[in-house]
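Chemist: Using only what follows, build the 3D model:
(one chain, ligands or ions: 2)
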Amino acid sequence: MVCWITELLIGLVYCLTFNKFTHSLIQYKVPVILGIESSCDDTSASICVDGTILSNIVTNQAIHEAFGGVVPELASRVHQQNIIPAVQQALITAKVSKNAIDAVAFTRGPGLLGSLLVGVSFAKAFALAKSIPIIEVNHMQAHVLAHFIGNNKPSFPFLCLTVSGGHTQIVLVKDYFDMEVVGQTLDDAAGEAMDKTSKILGLPYPGGPLIDKYARLGNPDAYRFPEPQIPGFNFSFSGLKTSILYFIRDNVALNPNFITENLNDICASVEKRIVTILLNKLQKAAQFYGIKHIALAGGVSANTGLRQGLNELGDKIGWNCFIPEMQYCTDNAAMIAIAGHYKFLKGDFVGQDVAPLARMPM
Ligand code: KG4
Ligand code: ZN
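Modeler: Ligands and ions are numbered 1, 2, ... in the order given. Reported below is the predicted structural model:
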């Protein structure tokens, strides 16, 4: 009791002395992590207090739309402009003072080297100025760990289908940082298949959300695209992309208005094939490992068809399905901050000589 009152008094004095915001009283006892994400084209900053996300600011880069894909040099320049405002906004939204931060967690890789460099350099400089430690985070592990934001957390072991613009993985998650990739794409990623299809259809980048939007209005059985026969739990999407390209080219040769007249049906049929490829492999892996706790992660997990498909399959088989909130599907710093929180608890820090990695195994 005396101890508790003393702590409260010290907290109050601390709060008044340093003119902190409301969370400074909490931070006196619990870890406050600043998370930074800059692996591709989204600059994001997040504040995590004792495992609870208080802010998650994501700044998108519209500049790439005109080029039909992310231009790495432009991405890193825009990250430089966005990173300080994103961090300031994350602090304001969370009502946390920058002096309250205990550690900075940042995406070390995988990703675009120039983009990563901006986040890594910011994290190092901030930590150096504040004399606090830095925590490296693997972007693909962070997508999985987004499931530990909020109350509905999966228990170990679980299988996670991580589907993003650069990766398609089935991950056996044994513990927070003990993950094994048991299946992955041999060529294009699922998000890439979405984006390349939209490019073929003349839609702007990023195409995944647009395929999703038009697919809702179309017939998923209008056209049949092939399902690749790849052994084990691996995936391939490059053959599908080629078959879509030839299908569109041949039909446009016969009818120049083919795309505009059939956009919804094309999107619905392509989405259906991508979703069945993903879910068939996931089902195979879940059966092999005897696991019924199944999670979805990465940008493509925002896809309506995939979310519905997993829920339906899960109901049929008796899986316990975990589907992230929309804001934690695509790239975000909250997933970096929550990964940083668990590493902070282990005292897992890195030195100031840390450098970004374009490739970073799980
Ligand atoms: O995880 P993420 O934000 O970035 C990477 O780490 O790559 O994933 C981006 C990918 C893009 O390919 C984008 O088109 C796709 O996720 N995506 C979607 C949807 N929202 C984003 N694909 C299908 N349906 C969506 N609603
Ligand atoms: Zn990602």
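
Chemist: and the stretch 251-362 of the chain, which residues reach ligand 1?
Modeler: Within the stretch 251-362 of the chain, the positions lying close to ligand 1 (C-beta under 6 Å from any ligand atom) are Gly298, Gly299, Val300, Ala302, Asn303, Thr330, Asp331. The way it works is simple: take the backbone N, C-alpha and C, and place the C-beta from them, glycine included.

Chemist: Take those residues and keep only those in strands.
Modeler: With strands identified by DSSP state E, none of the entries of those belong to them.

Chemist: For Leu245, report the pLDDT, please.
Modeler: We note a pLDDT of 98 for Leu245 in this prediction.

Chemist: Quick one: neighbours of it, just the number.
Modeler: 14 (other C-beta atoms under 10 Å).

Chemist: try Thr197
Modeler: The number of residues packed near Thr197 is 27, by other C-beta under 10 Å.

Chemist: Kindly report the same for Glu312.
Modeler: Counted by other C-beta under 10 Å, the residues lying close to Glu312 total 12.

Chemist: And it, how close does it get to ligand 1?
Modeler: 17 Å (C-beta to the nearest ligand atom, to the nearest Å).

Chemist: so which strand or helix has that residue?
Modeler: helix 304-317 (DSSP states H and E).

Chemist: low-scoring pLDDT stretches of the stretch 1-150 of the chain, where are they?
Modeler: Scanning the stretch 1-150 of the chain for pLDDT under 70 picks out the ranges 1-28.

Chemist: Can I get the helix holding Glu312 in CSV? Just the C-alpha atoms.
Modeler: This file holds the C-alpha atoms of helix 304-317, laid out as CSV (Å, rounded to 0.1, in the frame of the first residue of the first chain):
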residue,chain,number,x,y,z
THR,A,304,-12.9,-9.1,-49.1
GLY,A,305,-13.0,-12.3,-51.1
LEU,A,306,-10.0,-13.8,-49.2
ARG,A,307,-11.5,-12.8,-45.8
GLN,A,308,-14.9,-14.3,-46.6
GLY,A,309,-13.2,-17.4,-48.2
LEU,A,310,-11.2,-18.0,-45.0
ASN,A,311,-14.1,-17.6,-42.7
GLU,A,312,-16.3,-20.0,-44.8
LEU,A,313,-13.5,-22.6,-45.0
GLY,A,314,-12.8,-22.2,-41.3
ASP,A,315,-16.4,-22.7,-40.4
LYS,A,316,-16.5,-25.9,-42.6
ILE,A,317,-13.4,-27.4,-41.2
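
Chemist: so what's Cys160 bridging to?
Modeler: Here Cys160 sits in beta bridges with Val171, Ala295, as judged by DSSP bridges.

Chemist: Start the count at 371 instead of 1 going forward.
Modeler: Got it, the first residue is 371 from now on, which makes the last one we talked about Cys530.

Chemist: Now for it: which residues touch it?
Modeler: Shown in contact with Cys530 (C-beta atoms under 8 Å, 6 or more residues apart in numbering): Val514, His517, Gln539, Ile540, Val541, Val543, Ile664, Ala665, Leu666, Ala667.

Chemist: Just give the number of residues close to Val507.
Modeler: Residues within reach of Val507, counting by other C-beta under 10 Å, total 29.

Chemist: looking at this, it is in a strand?
Modeler: Yes - when classified by DSSP: H, G, I helix; E, B strand; the rest coil, Val507 is found to be part of a strand.

Chemist: Could you find the closest non-adjacent residue to it?
Modeler: Once its chain neighbours are removed from consideration, Val507 has its nearest residue in Ala709; the separation is 4.5 Å (C-beta to C-beta, 6 or more residues apart in numbering).

Chemist: Surely the one you found forms part of a helix?
Modeler: Yes - checked against three-state DSSP, Ala709 lies within a helix.

Chemist: Return the distance of it relative to ligand 1.
Modeler: Distance, Ala709 to ligand 1, by C-beta to the nearest ligand atom: 14 Å.

Chemist: again with Leu680
Modeler: Where ligand 1 is concerned, Leu680 sits at a distance of 13 Å (C-beta to the nearest ligand atom).

Chemist: okay but that residue is in contact with Asn690, surely?
Modeler: No - taking contact to mean C-beta atoms under 8 Å, the distance of 11.4 Å between Leu680 and Asn690 leaves them out of contact.

Chemist: between the two, what contacts are shared?
Modeler: Ile664.

Chemist: ok, Asn681 - how many residues close by?
Modeler: By other C-beta under 10 Å, the residues close to Asn681 number 14.

Chemist: What residues of stretch 704-722 count as buried?
Modeler: Ala704, Met705, Ile706, Ala707, Ile708, Ala709, Gly710, His711, Tyr712, Lys713, Phe714, Phe719 (16 or more other C-beta atoms under 10 Å).

Chemist: who's in contact with the closest residue to ligand 2 within the stretch 521-670 of the chain?
Modeler: Residue nearest to ligand 2 within the stretch 521-670 of the chain: Ser534 (4.2 Å; C-beta to the ion). When the contact criterion is C-beta under 8 Å, 6+ apart, the partners of Ser534 are Met510, His513, Ala559, Ala560, Gly561, Gly668, Gly669, Val670, Asp701.
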